[in-house]
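[1] what would the 3D arrangement of this be:
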Amino acid sequence: MAHAFDEVWTMDTPVKPDLKNGVLLSSIPDGGQLLGIIDGEDALLVRRGVEVFAVGAYCTHYHGPLSEGLVVNNTVRCPWHHACFSLRTGEALRAPALDLISCWRTERVDDKVLVREKLTPPIPKSPANAPGSVLIVGGGAAGLAAADMLRREGYDGPLTIVSADDSPPVDRPNLSKDYLAGSAQEDWIPLRSPEHYRERKIDLLLNSRVISLDTNKKEVILESGKTLTFGALLLATGADPVHLSIEGASSSQVHYLRTFADSKAIISKATAAKRVVVVGASFIGLEVAASLRARNIAVDVVAPDRQPLERVMGVEVGSFIRRLHEAHGVTFHLGETVSRVNGHAVTLSSGTVVDADFLVLGVGVRPSLVLAEKAGLAIDRGILVNEYLETSVPGIFAAGDAARWPDPHSGEKIRVEHWVVAERQGQVAARNILGHREKFDAVPFFWSQHYDVAINYVGHAETWDAVTIDGRLDERDCSVAYKTGGRTVAVITISRDLQSLQAEATMETEIAERRERAA
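    Reported below is the predicted structural model:
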């Protein structure tokens, strides 16, 4: 999502009050917010009953305006990507934000609320009964979020991330969006600086692959032959792109997008390219198409589907997404596959020939399960975990794209390939490694960007029996509810960020109510 990181002010912008001068309590409705200034810093006053909290005004993920977000209990949630912050401490409770927001002490004087000094974040205490060491296999969303949370929770033991990638953990959603389109700088992409790992004493092993796991000895063997032992283990092995064998295509002509290096390679090729074929009308494939169109490259999308994303979002949304891309010059060849490649000529299954300087394949991913399977962990189209994200072997946890967990919203065991879900699972797994026994019950969320249209999705619907559309897709202002047996299981919104947050909160309430009834 392309968002400016600095606010643009105009002559029409109302003057924000200096909150240190105090405001009337009655001027803020219960559950309401007031945007103001504290010592030159934008800040937000939030009222919950007789309590008033003062916190930073912007999300620490992509600088989303929290004043446009949703207050739920003693938290405030970002309207862009659903990060969640504590109003009491400023703590980033849920990804994708990893850093806290500022927090000030407030004081009631008669009928006024005054903002006092900025609060210093508490120093976490080392948890009791923590494992002697923690090993994380995988340097993606779940792995980094877990390591970050372990240190935030006060764990000071040896902590190692083993990553097969050649770069530190990166903002993977950006690889197919702004960075690929050329509107995000390269130094925005790493999630943490090299200094962060040194300061937090996180041993990050890059270009390292685990080839063996012994659950009895509690050790892994790396491809290099090195052995690492652990007290607790998190498997965050993620997923790998599905590779297709295309007759006549050389390895230099076919690209996949999963890593920072993959995105850089596509950008390098795109500098001299005029036409590209994208194989697959998946989220990745379509985001790549949009990003390459931003570079004025002609794009043909080839996919066997009737409509883009129809299986995930239904025919109505799929048709809208197709029209959106066609309006930006993308040519679709649906119901087709690539038969062969001969130089720049790409022959489709219908016999149609299109020109391409190279191809990008986005035909899905498969969970990386070999390590867990060889180690004897329970597998069912993913690494099976319980509600605490623990595998069939005590002390070994799994999170992210490879994990299949019991979803309290649908009642099914599910595995989803969403960045925010992976981060949140990494955070919960980290707390459970430290003995918290916290159930993973977050409602799945992801976003997809197509040109200037952002699509937010909450919930999880593999199937549905009814679709309800409020608003108009073509006007880019709507919500789409997917229902099973009359119950809403997923909601898509376009230009209705607050409604997306409200749908998420409603699903969370339903989970809590079902849990109470079952107790």
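[2] when you work out contacts or count neighbours from here on, use the C-alpha atoms and nothing else.
    Fine.
[3] per-residue pLDDT, Val443?
    For Val443, the model assigns a pLDDT of 96.
[4] who's in contact with the nearest residue to it once chain neighbours are set aside?
    Using Cα to Cα, 6 or more residues apart in numbering and skipping the chain neighbours, the partner closest in space to Val443 is Gly459 (5.6 Å). Counting by Cα atoms under 8 Å, 6 or more residues apart in numbering, Gly459 touches His409, Val443, Pro444, Phe445, Val489, Ala490, Val491, Glu504, Met507.
[5] which members of those residues are positioned in strands?
    Secondary structure from DSSP state E places Phe445, Val489, Ala490, Val491 of these in strands.
[6] and those, which two are the farthest apart?
    The largest separation in these, counting by Cα to Cα, is between Phe445 and Val489 at 12.1 Å.
[7] from Gly143, how far off is Leu66?
    Between Leu66 and Gly143 the computed distance is 27 Å (Cα to Cα, to the nearest Å).
[8] compare the two and say which is more crowded by neighbours.
    Gly143 (34 against 25; other Cα atoms under 10 Å).
[9] let's see the pLDDT reported for that one.
    With respect to pLDDT, Gly143 has a value of 98.
[10] confirm it sits in a strand?
    No. Counting by DSSP: H, G, I helix; E, B strand; the rest coil, one finds Gly143 to be helix, located in no strand.
[11] got a list of what it touches?
    Going by Cα under 8 Å, 6+ apart, Gly143 touches Ile136, Val137, Ile161, Leu234, Ala236, Glu423, Gly426.
[12] what's the closest of those residues to Val365?
    Out of these, the member with the shortest distance to Val365 (by Cα to Cα) is Ala236, at 14.9 Å.
[13] not counting its neighbours along the chain, what's nearest the closest one?
    Gly138 is the one closest to Ala236 (Cα to Cα, 6+ apart), at 4.8 Å.
[14] what is the neighbour count of the one you found?
    27.
[15] just Cys103 next, same as before
    With other Cα under 10 Å as criterion, Cys103 counts 24.
[16] repeat that for the one 5 residues further on.
    Close neighbours of Arg108, defined as other Cα under 10 Å, add up to 16.
[17] hey, where'd the helices end up in this protein?
    Taking DSSP state H as the criterion, the chain carries its helices at 141-152, 172-175, 178-181, 194-199, 260-270, 283-294, 310-327, 370-374, 419-433, 497-518.
[18] dump these to TSV, plus distance to Gly36.
    Output for these, formatted as TSV (distance: least, Cα to Cα, whole Å):
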stretch	distance to Gly36
helix 141-152	29
helix 172-175	31
helix 178-181	30
helix 194-199	31
helix 260-270	39
helix 283-294	36
helix 310-327	38
helix 370-374	51
helix 419-433	30
helix 497-518	21
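[19] Leu114: which of the ones you listed is closest?
    Nearest to Leu114 among these is helix 497-518 (28.3 Å), distances taken as Cα to Cα.
[20] can you give me the buried ones in that closest one?
    Asp497, Leu498, Gln499, Ser500, Leu501, Gln502, Ala503, Glu504, Ala505, Met507, Glu508, Ile511 (16 or more other Cα atoms under 10 Å).
[21] what does stretch 258-270 give?
    Residues of stretch 258-270 classed as buried: Arg258, Thr259, Phe260, Ser263, Lys264, Ile266, Ile267, Lys269, Ala270 (neighbour count, 16+ other Cα under 10 Å).
[22] the spatially closest residue to the fifth one that is not a sequence neighbour and Thr463: what is the separation?
    It stands for Lys264. Leaving out its chain neighbours, the residue that sits closest to Lys264 by Cα to Cα, 6+ apart is Leu180, at 7.9 Å. Using Cα to Cα, Leu180 is found at 32 Å from Thr463.
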